[in-house]
Each structure stands twice: as C-alpha cells, then as structure tokens.
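Enquirer: sequence and predicted structure, then a few things I'm wondering about:
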Amino acid sequence: MSKKIPTIRAVVLAPLITWMTMNLRPVNKALQEAGLGFLSLDDPFQIIPLESLSRLLASAARQEGPDLPVRLIEEADVLNGAMIAPIVTAAKSPRQACSAIAASLPMLSSHEHLAVEDGPKSSVVRHFWGASMDPLALHCLQQFTAGMVEKIVDKPTDLSSAIQQIEMMPHPDYGLDFLKGRYHGRVVEGTRILAVHVSSAALQRPYRNGSRNRQANFEIPDLDSLRDTNLSGTVRVLIRSMLEVGTPKLDDIARTANTSPRSFQRTLAMEGTGFRQLLDEVRRDAALDWLEADKGRITQLAQQLGYTNSSALTRAMRRWVGETPKKTRDRFQQGGEVGST
C-alpha cells in the first residue's frame, strides 16, 4: 500500500458544493455518504482523503449525469471558488498560471501533478494523479480539469484556436461521445494521464487588461506540503478532523488508504506506531489545546473527543499528564507548563 493516505485540501470541493447549493441538492447528506461528515465548510484548507472526494464526485455524477463537471464549469463561478483562483488571478499569462499551479500542488494535494510541454506551435498540458482512483471519478476529474485549462487559457478568439485536442479517459458507461459537441469533436480517448493540446500562441499570450474579472474569495496561506509526510502523519491529521463528529474507526481510516485494516496496521507498525496509539496521541494533543484555550466545559471536551463521559476523560488525562482536566486548565491559566508522563 501507499506509504501515506492520498489527501487533498477541502477547497477542491467548493465548485461542486456551490453548484449543489444553487440547485437545492442535499449537500450534508451527500457529504455524509462520502465519509465527509466531519467536513468544516468554514475551513477551505482542511485536509480530506482523496478517496472521499472520489466517492462524492462519482455519486454526484451518477445522479446528475455524465456531463456534470462541464455543467459545474458553465453554471458556477469556478475560477472564483476553486483552489487555484488566487494563483490564476496573479498570473500574467496562461503559461505562467500553469507553472504557478504546478508549483503549488504539493501544498494543495498529495498525489496530484501537472506539467506543461512547450512546443513551437502546440503545447501539451498534462495532468495526472499518482494514486489509484475509481474510473468514474477519474473521468470526472479529467473532464473538470480540461474545462479549467480552457478557462485558464482564456481563449483570445474561440475554442478551436486555443484547445486543439483533449486526450481523456472515457466515461465507463457513456464513453466520450457526449462531450464531442462541447469540444468541437476534439476530445479523443486517452489514458489515466489527461493531455490537453493547446496552441502555444494562446498559452503564451499575456492576459488582456480587464479580461480576467477573477477575484478570489480567499488567499492561499502558508501551507505545509501534503507530500512531506508518512502514513502515520496523515492518519494524525485525519483523526483530528474526524474527532469533530465522533471517534474514527480503524476501518474508516484504512478505507481512505484503499487498503485492508490488516495491511494498514502492518504499515503503521513499520513506522513504529499503531492506530490506537495515534488516536490516543491526537486526543491528548486536542485536549491540551482545548484546555489551554479554555474553550468550554469539560463535559463538552469529553464528548468532542469521543469519550462516553467526563470520568473517562479524567482517567485519560491522569495517564497523559498526571492530573485532572480541571487542574490542567488551571495550570494553563496561571501560566504554568503542563508536561506529559
């Protein structure tokens, strides 16, 4: 199995959630079914499993039709809500935007890659995922990315002069015929690597002043790379997020890694840890953060960490730091330091 769980920032969901909200679709129900019930819509840079994104997208496409990604692009302000919005807004040309996106991807996605092959007349924008993925979800992501490349190129005249050909993995049930009208017949069967052939002149041409009315809703802060971690590091992050709605189970986390619980545990053991140990450590860190910030009642903290009652939390705190939650909070308020046992 992979040495880490494929992850991505939650802001990638913004176009889909915006579209679902606009069209009165049950957003919360869809998130729950995809294993994203813990998602905080107020935190666009929350880390989520790529597997959950895949499930959400595939489910939406089955319900809404094979051309859903195209409709997202046409009906929603995708460059205002997508995670690359600030990058594209700051770029001076489509080529510069592609380079900036490629450089930023490690902070936004653990297994996503983009590259541009420049040519004298035709260039190729390639996009691929270094992780296994449901074929329907992969097709939808390629369809969406092709549309985003079109938006980024900001075609100076019409589509036929900028986008020359799109090599895309076919939809598992509908192939590619339903997209040929949208792309003037220039979409052909491809592989797991999306290839968008673009006019080099269009790719290099500077954006016209005022031609890109794209003001991002947010700015990308300084983010840690999602690629510079191991499996246990990713598991810690996901456990911390999932604790918001309940205690995550080993099976839930293993599924996001596309592996069996046994293989999942074996890989963690190779890193010198285990799921129960990581859960305990994350609970400890979350408890100390809560008590230091004095966020509320001890019973609320126990509930948030998945304990059946405050007595269970008290026992855990005695094991972690040798004293009760109340004494730990008082020590923080007095400016003292709390050590662990």
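Expert: Cool, the structure landed. Numbers count the residues shown, from 1 in each chain.
Enquirer: hmm, Thr229 is touching Lys4, no?
Expert: Yes: counting by CB atoms under 8 Å, Thr229 touches Lys4, with 5.9 Å between them. The C-beta positions use only the backbone N, C-alpha and C, and glycine is treated the same way.
Enquirer: tell me which of these two has more neighbours.
Expert: Lys4 (21 against 18; other CB atoms under 10 Å).
Enquirer: quick one: that one and Ala131 touch, right?
Expert: No: because the distance of 9.8 Å does not satisfy CB under 8 Å, Lys4 is recorded as not touching Ala131.
Enquirer: wait, Lys151 sits on Leu72?
Expert: No: when contacts are counted by CB under 8 Å, Lys151 is not listed as touching Leu72 (11.4 Å).
Enquirer: more neighbours, the two?
Expert: Neighbour count, other CB under 10 Å: between Lys151 and Leu72, Leu72 has more, with 24 against 18.
Enquirer: the helix or strand encompassing the more buried one packs against which elements?
Expert: Counting by DSSP states H and E, the secondary-structure element that holds Leu72 is helix 68-75. Using 3 or more CB pairs under 8 Å, 6 or more residues apart in numbering; DSSP states H and E, the elements in contact with helix 68-75 are helix 14-22, helix 50-64, helix 135-153.
Enquirer: closest one to Gly322 among these?
Expert: helix 50-64 (37.9 Å; CB to CB).
Enquirer: by how many degrees do that closest one and helix 14-22 diverge?
Expert: Note on geometry: by axes from the mean of the first three to the mean of the last three CA atoms, to 10 degrees, helix 50-64 and helix 14-22 are set 40 degrees apart in direction.
Enquirer: quick one: buried residues of helix 50-64?
Expert: Judged by neighbour count using 16 or more other CB atoms under 10 Å, the buried positions of helix 50-64 are 50-58, 60-61, 64.
Enquirer: let me know the pLDDT of Pro135.
Expert: Model confidence at Pro135, given as pLDDT, is 95.
Enquirer: nearest spatial neighbour of it, skipping sequence neighbours?
Expert: Once flanking residues are discounted, Pro135 sits nearest to Pro172: 4.8 Å by CB to CB, 6 or more residues apart in numbering.
Enquirer: any idea how far the one you found lies from Glu64?
Expert: Relative to Glu64, Pro172 is positioned 16 Å away (criterion: CB to CB, to the nearest Å).
Enquirer: what of Thr299?
Expert: Distance from Thr299 to Glu64, counting by CB to CB: 42 Å.
Enquirer: over to Ile17?
Expert: Counting by CB to CB, the gap between Ile17 and Glu64 amounts to 13 Å.
Enquirer: do Thr18 as well
Expert: Computed with CB to CB, the distance linking Thr18 and Glu64 is 14 Å.
Enquirer: what do you get for Val198?
Expert: For Val198, the distance to Glu64 under the criterion CB to CB works out to 28 Å.
Enquirer: pretty sure Lys326 contacts Ile298?
Expert: Yes: the pair Lys326 / Ile298 is scored as a contact, 6.6 Å apart, by CB under 8 Å.
Enquirer: neighbour count: the two, which is higher?
Expert: A count of neighbours by other CB under 10 Å puts Ile298 above the other of Lys326 and Ile298, at 19 against 13.
Enquirer: ok, the more buried one - contacts?
Expert: With contacts defined as CB atoms under 8 Å, 6 or more residues apart in numbering, the neighbours of Ile298 are 310, 313, 325-326.
Enquirer: try it again with 6 Å
Expert: Contact analysis of Ile298 by CB atoms under 6 Å, 6 or more residues apart in numbering lists 310, 325.
Enquirer: re the thing from before, could you save the helices and strands packed on helix 68-75 as JSON lines and add columns showing distance to Ile87?
Expert: Converted to JSON lines, the helices and strands packed on helix 68-75 look like this (distance: least, CB to CB, whole Å):
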{"stretch": "helix 14-22", "distance to Ile87": "14"}
{"stretch": "helix 50-64", "distance to Ile87": "20"}
{"stretch": "helix 135-153", "distance to Ile87": "10"}
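Enquirer: to Arg266, which of the ones you listed lies closest?
Expert: Comparing these by their distance to Arg266 (CB to CB), the top pick is helix 50-64, with 19.1 Å.
Enquirer: quick one: contacts of the closest one?
Expert: Applying CB under 6 Å, 6+ apart, the external contacts of helix 50-64 come out as 6, 8, 34-36, 68, 133-134, 136-137, 140, 256.
Enquirer: pLDDT of that helix, averaged?
Expert: Average pLDDT, helix 50-64: 95.
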